[in-house]
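Undergrad: Here is my input; please provide its structure:
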Amino acid sequence: MNNTIEAMRTGAYDYISKPFDFEAVYTLVDRVEASREVQIPSKSEIEAEIDGHSVRSIVGKNKMMQNTFKTIGKSASCDLSVLITGESGTGKELVARALHHNSHRVTEPFITVNCAAIPKDLLESELFGHEKGAFTGAVDQKKGKFELANNGTLFLDEIGDMALRLQAKILRVLQDKEFYRVGAKSSLKSEARIIAATNRNLEEAIENKQFREDLYHRLNVIPILMPPLREHKEDIPLLAKYFVEKAEQEISHGKIYISSEVLKLLQQHEWKGNIRELENTIKRAVILSSGSTIQPE
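TA: Numbering: from 1, shown residues only. Alright, predicted model coming up:
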């Protein structure tokens, strides 16, 4: 995954992962020759380092996943808004982190807000902050996530669950780069890059008057769709082996191996919880395994 992102980030026209057939190479060469100009990022745009630990688990040789890596590489250095969609557990936050860690903002904060986990009456204060005495319990001034993420990246997870009233305020920040703390009379500026994610169908939500169409278009400048694990099962062995290595480090269980029979079983499962379910299954197997090799039982 890192090779694909790095290649696209530093100006590659395209990237073909192995194994590949020569027909694909010939087609790509033809496309390059037909292209009038290939834009190469400046040195300042490619100086950020990849934080491999936080994004390495987005692995895959499936075509859909490779396209995702290419999009990350091409769009990481720009400041346009990104909308990541996909089922729960498909790795949307990992994509957001990859975008941040491959951008010129890498030394600035990466701030996450789960819009579905915070009560609606508290979310505005969480996002924009509040002044002392703005409401009952506001005993001190508080900085919001937009202020904390200034010059960095603000990841709005599950934005499809945000109330319409707050959606209007998010739209203003995207348009004017301005916001107000709750109870404040003067505005503040935020240069944070906005990355949003949702497992909801926002086009249906727009039809049902549950999501603002203007906000949708502001967020959906660069769309990234994360496929469910059942649609790229060929990547399960790669993911499983990565999660085994990760569990070795976190659980200190010594060297753990995974049998070929287990890999076949994993590929037969539907994984309704997607990559998150697979990771938890591997962790459980590492803990409960009586030997150094994970067996089907």
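
Undergrad: what's near enough to touch the closest residue in space to I111 that isn't next to it in sequence?
TA: Closest residue to I111 apart from its sequence neighbours, by Cβ to Cβ, 6 or more residues apart in numbering: A149 at 4.0 Å. In this view, the C-beta of every residue, glycine as well, is placed from N, C-alpha and C. Counting by Cβ atoms under 8 Å, 6 or more residues apart in numbering, A149 touches E108, P109, F110, I111, S190, A192.

Undergrad: contacting residues for the second one?
TA: In this structure, P109 makes contact with L148, A149, G152, T153, judged by Cβ under 8 Å, 6+ apart.

Undergrad: Put the buried members of these into a PyMOL selection.
TA: Listed next is the PyMOL selection for buried residues among these, using 16 or more other Cβ atoms under 10 Å:
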select buried, resi 149+152+153
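
Undergrad: Tell me the one of the contacts of P109 nearest E207?
TA: T153 (30.1 Å; Cβ to Cβ).

Undergrad: Quick check, pLDDT for that closest one.
TA: T153 is assigned a predicted lDDT (pLDDT) of 97.

Undergrad: how many other residues sit next to the spatially closest residue to it that is not a sequence neighbour?
TA: Spatial nearest neighbour of T153, excluding adjacent residues (Cβ to Cβ, 6+ apart): H100 at 4.2 Å. Look at H100: counted by other Cβ atoms under 10 Å, it has 25 neighbours.

Undergrad: Please enumerate residues in contact with the helix or strand where Y242 lies?
TA: Using DSSP states H and E, the element containing Y242 is helix 236-251. Residues outside helix 236-251 that contact it (Cβ under 8 Å, 6+ apart): 56-57, 59-61, 229, 253-258, 262-263, 266-267, 275, 278-279, 282-283, 286-287, 294.

Undergrad: Note down every partner strand of the helix or strand following it and its orientation.
TA: Next helix or strand after helix 236-251 toward the C-terminus (DSSP H and E): strand 257-258. Paired strands of strand 257-258, with direction, are strand 293-294 (parallel) (DSSP bridges).

Undergrad: Now do the phi/psi pair for D157.
TA: D157 adopts backbone torsions of phi -80, psi 140, taken as degrees, to the nearest 10.

Undergrad: surely it meets L94?
TA: No - using Cβ atoms under 8 Å, D157 makes no contact with L94, being 11.6 Å away.

Undergrad: Between those two, point out the one with more neighbours.
TA: Counted by other Cβ under 10 Å, D157 and L94 do not tie: D157 has more neighbours, with 21 against 18.

Undergrad: Just the pLDDT for that one.
TA: 97.

Undergrad: check contacts around it.
TA: Contacts for D157 were tallied using Cβ under 8 Å, 6+ apart; they are K92, E93, A96, T112, V113, N114, C115, A116, A196, A197.

Undergrad: switch the cut-off to 7 Å
TA: For D157, the residues meeting the contact criterion (Cβ atoms under 7 Å, 6 or more residues apart in numbering) are E93, T112, V113, N114, C115, A197.

Undergrad: Present those as TSV; the columns should include secondary structure, neighbour count and pLDDT.
TA: Compiled in TSV, the contacts of D157 are given as follows (DSSP: H, G, I helix; E, B strand; the rest coil; neighbours: other Cβ atoms under 10 Å; pLDDT from 0 to 100):
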residue	secondary structure	neighbour count	pLDDT
E93	helix	18	95
T112	strand	16	96
V113	strand	22	96
N114	strand	16	96
C115	coil	23	95
A197	strand	26	98
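
Undergrad: export the residues you listed to a markdown table and tack on distance to T71?
TA: Formatted as a markdown table, these follow (distance: Cβ to Cβ, whole Å):
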| residue | distance to T71 |
| --- | --- |
| E93 | 16 |
| T112 | 20 |
| V113 | 23 |
| N114 | 23 |
| C115 | 23 |
| A197 | 14 |
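
Undergrad: so I275, which of the three states?
TA: helix (DSSP: H, G, I helix; E, B strand; the rest coil).

Undergrad: wait, it sits on E87?
TA: No - the criterion here is Cβ atoms under 7 Å, and I275 misses it with E87 at 9.9 Å.

Undergrad: Show me which of the two is the more surrounded one.
TA: The neighbour count for I275 versus E87, taken as other Cβ under 10 Å, is higher for I275 (24 against 18).

Undergrad: if I look at that one, how far off is L171?
TA: The gap separating I275 from L171 is 31 Å, by Cβ to Cβ, to the nearest Å.

Undergrad: now the strands for the chain?
TA: 82-85, 110-114, 129-130, 142-143, 153-157, 178-179, 188-189, 193-198, 222-225, 257-258, 293-294 (DSSP state E).

Undergrad: could you dump the ones you listed to a markdown table with distance to L166?
TA: Output for those, formatted as a markdown table (distance: least, Cβ to Cβ, whole Å):
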| stretch | distance to L166 |
| --- | --- |
| strand 82-85 | 17 |
| strand 110-114 | 11 |
| strand 129-130 | 14 |
| strand 142-143 | 17 |
| strand 153-157 | 10 |
| strand 178-179 | 11 |
| strand 188-189 | 17 |
| strand 193-198 | 13 |
| strand 222-225 | 22 |
| strand 257-258 | 45 |
| strand 293-294 | 45 |
